[in-house]
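Chemist: need coordinates for the below:
(3 chains)
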Amino acid sequence: MFDENLIERIESEEPLPREFYAKNVVIVSQNLLGKILVRVDNEKILAGRIVEVEAYDGEDDPASHAYKGMTERNKVMWDFPGKVYVYTIYGIHYCLNIVAEPKGVPAAVLIRALQPLVGIREMMKNRNIKDVRNLTNGPARLTKALNITKDLNGVDATLKSELYVVRDILGKKFEIGVSTRIGITRGKEKPWRFYIRNNPFTSKKEVR
DNA sequence: CTGTCGATCTACT
DNA sequence: GTAGATCGACAGG
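Modeler: Predicted structure coming up:
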């Protein structure tokens, strides 16, 4: 089966190395498009292709959690690049980020949408829905589908453990779309949302 | 299809 | 005390 083959291929991959993340957060965001997010949830593999991201910088970015300095919640943003930052939003959802820039420079990439690849049945169970198109097309939807909670905050995505990222094994060409970020009240003007164009799994329909 | 609104609670003021 | 990197239900066209 298509799915089986993909699991083997994904499992044979090594996670992207630390250097991948130790760059400018906007560059890292764009580079993450097309990469495969892998979740190992008690022996089960859940995976999806990253199709939409947003960059959140540190001190200069009023929309960033790091804008007002380090707190208990956001401290992982100052940690090694490649670390996972998960936080609770609106009391009921989780959002997944991956830390970028060298250690000590706060920044993170919000993963906003995935194209489901492996473990789709399991994801649908986690979300309790039937329509694949709405499975992982939103930051809090994908965390629920992949069973990502605050327990994973601080996990190192450069290690092959319960959450990591591998290279783009599909290798399909794509165009990158750009827009302003969604759902924020400050820093609205920065064009730091990036997505794979003509992909049905982004969180928002493309405006032509 | 679009827009509006309530849910729900943690982290920070 | 309250805003918030969202979602789902529902109303209306």
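
Chemist: quick check, A:Leu37 in a strand?
Modeler: Yes: membership of A:Leu37 in a strand is supported by DSSP: H, G, I helix; E, B strand; the rest coil.

Chemist: number of residues surrounding A:Arg121?
Modeler: 9 (other C-beta atoms under 10 Å). To be clear about C-beta, it is placed using only N, CA and C from the backbone, and glycine gets the same treatment.

Chemist: try A:Val109
Modeler: 26.

Chemist: right, and A:Pro15 touches A:Leu163 too?
Modeler: No: A:Pro15 is not in contact with A:Leu163 according to C-beta atoms under 8 Å; the separation is 9.6 Å.

Chemist: have a look at the two and say which one is more surrounded.
Modeler: Counted by other C-beta under 10 Å, A:Pro15 and A:Leu163 do not tie: A:Leu163 has more neighbours, with 23 against 19.

Chemist: show me the shaky parts of chain A.
Modeler: A:1-3, A:207-208 (pLDDT under 70).

Chemist: where do the strands sit along it?
Modeler: Along chain A, counting by DSSP state E, strands occupy A:36-41, A:44-56, A:84-89, A:93-99, A:108-118, A:163-166, A:176-179, A:193-196.

Chemist: mind listing what the spatially most central residue of chain A touches?
Modeler: For chain A, A:Ile111 is the residue whose C-alpha lies nearest the centre (C-alpha atoms, centre = their mean; 2.6 Å). By C-beta atoms under 8 Å, 6 or more residues apart in numbering, A:Ile111 lies in contact with A:Leu32, A:Leu37, A:Ile50, A:Glu52, A:Val53, A:Leu96, A:Asn97, A:Ile98, A:Pro139, A:Leu142.

Chemist: which residue is the nearest non-sequential neighbour of the fifth one?
Modeler: Excluding its sequence neighbours, the residue lying closest to A:Val53 (C-beta to C-beta, 6 or more residues apart in numbering) is A:Ser29, at 4.7 Å.

Chemist: list the residues that contact the one you found.
Modeler: A:Val53, A:Glu54, A:Ala55, A:Ala100, A:Val109, A:Trp192, A:Phe194.

Chemist: who touches A:Ile7 in this structure?
Modeler: A:Ile45, A:Ala47, A:Val118.
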